[in-house]
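Engineer: generate a structure from the sequence data that follows.
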Amino acid sequence: MNSNNQLDEILRIIHAVKDDKRELQKILEFLQEYVIIEEPDDDEFTLPTQYDKIIKSIAGSIDAGLVCFLNPETLEIEEIPQCLIDDPEEAEMQTGLSINELELKYPEWEKRVCIEPLESYESFKIMEKFVQTLSNEKLRNKLSDALQSKKPFAKFKQIIDNSPYRQDWFDFKNNWLQRYVKYIVMG
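Structural biologist: You can find the predicted model right below:
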């Protein structure tokens with residue numbers, strides 16, 4: 001089952017118990033204890049300045065669905081589409097691109113850090129955190145409703161793309177992703 005199907009199934013379950021406060025509380029407690037990712041704290045880690053451009057690049061790449069490998073000794077990056085790793089045969093049939101033809105360097109690196117794209121629940125959490133920061137109550141309510149609906153990602157995107165807060169969203173997400181990448185690189 002792919003992540004979109006998993007998310008749909010989770011949302012179906014939540015929707016089925018939406019009027020039962022006890023069941024919703026159980027789900028919330030489970031998510032808080034076992035699933036919800038914490039936003040990385042900038043004060044917890046600092047990287048040397050030579051990492052700044054690399055961190056920005058990796059954040060953009062994982063946002064685009066690429067798996068990034070970083071050689072911490074040379075600061076070299078190698079990026080591979082997630083689909084080539086998840087299902088190389090299917091990716092080759094669809095794109096004609098074979099992972100074996102890529103002449104990848106990362107397997108030969110003595111040290112490497114792998115940074116994968118976020119799971120959908122992690123991206124969802126970033127959207128929720130952004131909504132919480134909005135002072136515009138009308139937009140905050142609209143986006144909250146979108147996140148509670150079917151196809152929350154598409155509805156959120158439609159609303160935010162047609163609002164004056166579009167750039168604020170991109171900046172928020174990009175900053176969050178950069179902190180996330182720093183957190184992983186620091187190990």
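Engineer: who does the helix or strand encompassing residue 84 touch, helix- and strand-wise?
Structural biologist: Taking DSSP states H and E as the criterion, residue 84 maps to helix 82-86. For helix 82-86, the packing partners by 3 or more Cβ pairs under 8 Å, 6 or more residues apart in numbering; DSSP states H and E come out as strand 66-71, helix 88-95. All C-beta spots, glycine's among them, are computed from the backbone N, C-alpha and C.
Engineer: tell me which of the ones you listed is the most buried.
Structural biologist: strand 66-71 (a mean of 21; mean count of other Cβ atoms under 10 Å).
Engineer: which stretches in the protein count as helices?
Structural biologist: 3-16, 21-30, 52-63, 82-86, 88-95, 120-133, 137-148, 152-161, 166-186 (DSSP state H).
Engineer: just want the angle from the second one to helix 3-16.
Structural biologist: What that stands for is helix 21-30. With axes from the mean of the first three to the mean of the last three Cα atoms, to 10 degrees as the basis, helix 21-30 and helix 3-16 are set at 140 degrees to each other.
Engineer: for helix 21-30, what does the pLDDT average out to?
Structural biologist: In this model, helix 21-30 has an average pLDDT of 79.
Engineer: same thing with the fifth one?
Structural biologist: Along helix 88-95, the predicted confidence averages to a pLDDT of 74.
Engineer: and the longest one, by the same measure?
Structural biologist: Model confidence over helix 166-186 averages 93 on the pLDDT scale.
Engineer: closest to residue 46 out of the helices of the chain?
Structural biologist: helix 166-186 (8.3 Å; Cβ to Cβ).
Engineer: which residues touch stretch 90-105?
Structural biologist: 76, 78, 80-81, 83-85, 88 (Cβ atoms under 8 Å, 6 or more residues apart in numbering).
Engineer: out of the residues you listed, which are buried?
Structural biologist: 78, 80-81, 83-84 (16 or more other Cβ atoms under 10 Å).
Engineer: if you skip the residues just before and after it, what's nearest to the spatially most central residue of the chain?
Structural biologist: In the chain, the residue lying closest to the centroid (Cα atoms, centre = their mean) is residue 118, at 2.9 Å. Residue nearest to residue 118 in three dimensions, not counting chain neighbours: residue 62, with 6.7 Å by Cβ to Cβ, 6 or more residues apart in numbering.
Engineer: doesn't residue 181 make contact with that neighbour?
Structural biologist: Yes. Between residue 62 and residue 181 there is a contact under Cβ atoms under 8 Å: 7.1 Å.
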